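S.K.: any chance you could fold what I've pasted below:
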Amino acid sequence: MRRFFPILVLLSLGGCTAVDAPSLAPRAVEKVPIGAPEPYVEETGTADPVLAGRLAPLVAQAEAGHRDFTAGQQDVEKAVAAAGPSGSEKWILAQQALSALDGKRLPLQDVATKLDAIRFEPANAAPGNRQAIEEAATRIQALIDEEAATMQRLAGALGNGA
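M.R.: Numbers count the residues shown, from 1 in each chain. Next up is the predicted model:
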């Protein structure tokens, strides 16, 4: 241990020397307050004409499917109104009519699926394109919601609950 004592003394004294290092205190520039950033305002533009040409037929297809649903709805309402107790022949006919009407919702749901695929295409990320897609989606969703409410109302009148 005596051989290492001078080395230990020298090493411990090495840490006592003064070092000319920068201060860790805040600098003047760090004391200046930073203002909030300006809010981001996205520029809106017009939709790409190619995209508009893809959306218009989809909306038209959705509206045609909804018209077909609405036309079939009147017959189902008559069948539901005439349905007797659960399990009777008229009740079964009303159930079948309700199921057929539910099948008429598929074209509208198919259009919504196609619109979702368009929504996630990277080429449609521009603000004008997104706005056009959202407008079409809002219109199609309104039709879907209307059909769902009709189905729920008819199923409830038939005693299915839904």
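S.K.: CA atoms only for stretch 30-44, dumped as CSV, please.
M.R.: C-alpha atoms of stretch 30-44 as CSV (Å, rounded to 0.1, in the frame of the first residue of the first chain):
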residue,chain,number,x,y,z
GLU,A,30,-32.0,32.2,-22.4
LYS,A,31,-33.9,34.7,-20.2
VAL,A,32,-35.7,36.3,-23.2
PRO,A,33,-39.3,35.1,-23.3
ILE,A,34,-40.4,33.1,-26.3
GLY,A,35,-43.7,34.0,-27.8
ALA,A,36,-46.3,31.4,-28.9
PRO,A,37,-46.0,30.3,-32.6
GLU,A,38,-48.4,31.7,-35.1
PRO,A,39,-51.4,29.3,-35.6
TYR,A,40,-51.1,27.2,-38.7
VAL,A,41,-53.6,28.1,-41.3
GLU,A,42,-54.0,25.6,-44.1
GLU,A,43,-54.6,27.1,-47.5
THR,A,44,-57.6,25.7,-49.2
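S.K.: just the strands in the chain please.
M.R.: Ranges of strands in the chain, per DSSP state E: none exist.
S.K.: tally of neighbours for the residue lying closest to E63 once chain neighbours are set aside?
M.R.: Leaving aside its chain neighbours, E63 sits nearest to L143 (7.2 Å; criterion: Cβ to Cβ, 6 or more residues apart in numbering). The way it works is simple: take the backbone N, C-alpha and C, and place the C-beta from them, glycine included. L143 has 21 neighbouring residues, counting by other Cβ atoms under 10 Å.
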